[in-house]
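[1] Quick check, what structure comes out for this input:
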Amino acid sequence: MGSSVVLGFVVLAVLSSAPAEAKPTPAAKCLAAQFKAAAKKANAQSTCEAKAAATQLPVDQMCLTKAGTAFANAFSKADLKGGCTTPGDAGTVEPSIETFVQATAAALPGGSTKAGGKCAAAKRKAAGKKAASKLLCNAKAAIAGGAVDPGCLGNAEVTFANAFKKAEAKGGCATQGDASSIEQAVNGFVTQVASQLASGSTTTTTATSTTTTTAPLTVTVGPGGQLVFDPATLTIKVGDTVHWVWASPGHSVVSGTNGTTDNLFCSPSNTGCANPPLSPMGATYEHTFTQAGTFPYYCSVHFSLGMTGTITVQ
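    As a prediction, this is how the structure comes out:
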């Protein structure tokens with residue numbers, strides 16, 4: 001539930017100047033439409049993966065394509081109506097959705113039995129539904145012009161937990177006890193999409209003051225199981241916060257070069273940088289850069305394979 005604080009912040013970053021009872025602005029309507037489109041695609045493609053597990057067949061590409069087309073059309077429609085703070089950003093959000101769906105499916109294998117396939121199908125569907133539900137909570141907050149409703153997020157948590165318990169109670173699951181790791185993946189994904197839609201920094205002006213709010217800049221760790229940070233290089237300003245989101249498990253973020261830490265920062269808590277723990281899929285880590293300079297970092301177990309990154313602070 002810790003992610004709800006970040007999600008509420010991101011929505012408020014776009015809508016901080018809206019009066020409490022004012023009608024939704026064009027920007028708010030566009031943001032809500034974008035959240036809804038992302039929710040629909042995440043749920044639809046997770047359902048495609050669920051069907052594949054249940055039938056023990058490869059995922060239907062037409063099913064995935066249909067969801068992708070609906071997503072693109074929804075974003076285009078929102079852009080055409082005008083008022084979008086971040087027009088034309090479907091191409092930024094869509095890869096995050098697809099990486100999440102693929103990584104979740106890989107983390108929930110069906111095994112070689114019919115029962116295992118059915119269990120994986122139920123879990124994949126539950127993960128997609130939870131992601132969609134939380135994105136829709138953000139859409140409602142955008143229209144209301146306030147923080148994301150904790151009750152809305154809580155309902156998504158309860159539904160997800162119950163679905164996983166029910167699936168495992170039936171038996172035959174290829175994996176057991178993975179609700180927590182998948183839950184982290186969902187929360188990390190929703191936070192990532194919210195940050196992308198907030199587009200970094202938004203300045204809002206009222207009759208009495210001007211306020212600038214900076215949302216976290218996001219780096220994806222191990223997208224699609226690749227041994228990379230995406231983007232590998234990022235240029236920011238002094239005072240900006242970089243937010244790392246794990247798209248696959250078994251990685252770390254450590255400041256330094258060639259496997260030698262300089263102890264400036266490291267996941268998950270800036271301690272034990274010489275031998276940091278590896279984080280699971282869906283984990284998040286953030287660091288605020290307070291000085292200008294160039295800050296290289298690496299994954300402690302994969303740096304020799306090229307899993308390195310650099311943050312340039314201006």
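[2] from here on, contacts and neighbour counts on C-alpha atoms
    OK.
[3] Residue 245 pairs with what?
    Residue 245 has these beta-bridge partners by DSSP bridges: residue 220, residue 284.
[4] What is the neighbour count of it?
    Using other CA atoms under 10 Å, residue 245 has 29 neighbouring residues.
[5] Now do it against residue 37, distance only.
    Per CA to CA, to the nearest Å, residue 245 is found 21 Å from residue 37.
[6] And residue 91, by the same measure?
    Using CA to CA, we find residue 91 at a distance of 13 Å from residue 37.
[7] Export stretch 224-232 to PDB, keeping only CA atoms.
    The C-alpha trace of stretch 224-232 is given here as PDB (Å, rounded to 0.1, in the frame of the first residue of the first chain):
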ATOM      1  CA  GLY A 224      11.700  -7.900 -20.500                       C
ATOM      2  CA  GLY A 225      14.300  -9.900 -18.600                       C
ATOM      3  CA  GLN A 226      17.100  -8.000 -20.400                       C
ATOM      4  CA  LEU A 227      20.300  -7.100 -18.400                       C
ATOM      5  CA  VAL A 228      20.000  -3.400 -18.900                       C
ATOM      6  CA  PHE A 229      18.700  -0.200 -17.300                       C
ATOM      7  CA  ASP A 230      16.300   1.700 -19.400                       C
ATOM      8  CA  PRO A 231      17.200   4.400 -20.100                       C
ATOM      9  CA  ALA A 232      20.900   3.600 -19.500                       C
END
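[8] which residues touch it?
    Stretch 224-232 has contacts (CA atoms under 8 Å, 6 or more residues apart in numbering) with 99, 102-103, 219-223, 247-248, 302, 305-310.
[9] And stretch 25-42, by the same measure?
    Residues outside stretch 25-42 that contact it (CA under 8 Å, 6+ apart): 14-15, 18, 67-68, 70-71, 74-75, 78-79, 81-85, 93-94, 97-98, 101, 128, 131-133, 135-136, 138-140, 142-143, 145, 194, 197.
[10] Give me the PyMOL select line for those, limited to the buried ones.
    The buried residues among those can be selected in PyMOL (16 or more other CA atoms under 10 Å) with this line:
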select buried, resi 14+15+18+67+68+70+71+74+75+78+79+83+84+85+93+94+97+98+101+128+131+132+133+135+136+138+139+140+142+143+145+194+197
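[11] quick one: which of the contacts of stretch 25-42 sit in helices?
    In helices, defined here by DSSP state H, the members of these are 14-15, 67-68, 70-71, 74-75, 78-79, 81, 93-94, 97-98, 101, 128, 131-133, 135-136, 138-140, 142-143, 194, 197.
[12] gap between the two ends of stretch 231-242?
    Terminal residues of stretch 231-242 lie 11 Å apart, using CA to CA.
[13] What are the buried residues along that stretch?
    232, 234, 240, 241, 242.
[14] Against residue 264, how distant is the third one?
    When CA to CA is applied, the distance between residue 240 and residue 264 equals 16 Å.
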